[in-house]
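Q: whatever this is, show me its structure:
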Amino acid sequence: MSQLIEFASNHLLLFGAFVVVTVLLVKAELENRFSKVNQLNAVEAVRLMNNDETIILDVREASEFGGGHIKNAIHIPMSALKGRITELEKYKGKHILAYCRSGSRSGYACKLLNKAGFEQVHNLAGGVMGWSSANLPLTRK
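A: Residues are numbered from 1 along each chain as shown. Here you go, the predicted structure:
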């Protein structure tokens, strides 16, 4: 323990950065654990899509969407989601699977949808990159 105190006092900036990173990691983990948003990997997402009538929401920008997207996805860019959330009102009782490139923007989109009263919201963990890594198809139509 004395070595830790000595290290901390000799490397104050490094130790401070370590504490900040640790606090941020714990905060992120707690938010994920107590969030109403389900994080699904590609296999779980396919299972959800096969078993229920699932609405697929792509929140990437138009240029990303044009490069390939999951079949039958509704495209509402994250930058426009707040203003266009009413377009999704008719799907409130259905499962909504949101995705982006890596899963971070869609995670934020899921939180917005949750606050707007959508209860069955899921985030595609890893986004379209995780989807492609699982060798699942994308369409350009």
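Q: what about Gly130, which SS state?
A: Recorded secondary structure, Gly130: helix (DSSP: H, G, I helix; E, B strand; the rest coil).
Q: measure Glu87 to Leu81 for me?
A: Note on Glu87: its distance to Leu81, by Cβ to Cβ, to the nearest Å, is 10 Å. To be clear about C-beta, it is placed using only N, CA and C from the backbone, and glycine gets the same treatment.
Q: which of these two has more residues huddled nearby?
A: Leu81 (20 against 12; other Cβ atoms under 10 Å).
Q: surely that one touches Leu112?
A: Yes - at 6.1 Å, Leu81 counts as touching Leu112 under the criterion of Cβ atoms under 8 Å.
Q: tell me which residue is most central in this protein.
A: Closest to where the C-alpha atoms of the chain average out (Cα atoms, centre = their mean) is Gly107, at 2.8 Å.
Q: can you tell me the element it falls in?
A: According to DSSP states H and E, Gly107 maps onto helix 104-115.
Q: report all helices and strands that whichever helix or strand comes after that helix contacts.
A: Once helix 104-115 ends, the next helix or strand along the chain (criterion: DSSP H and E) is strand 121-124. Strand 121-124 sits against strand 38-40, helix 42-51, strand 95-99, helix 104-115, with contacts defined as 3 or more Cβ pairs under 8 Å, 6 or more residues apart in numbering; DSSP states H and E.
Q: right, I'll call it a day here.
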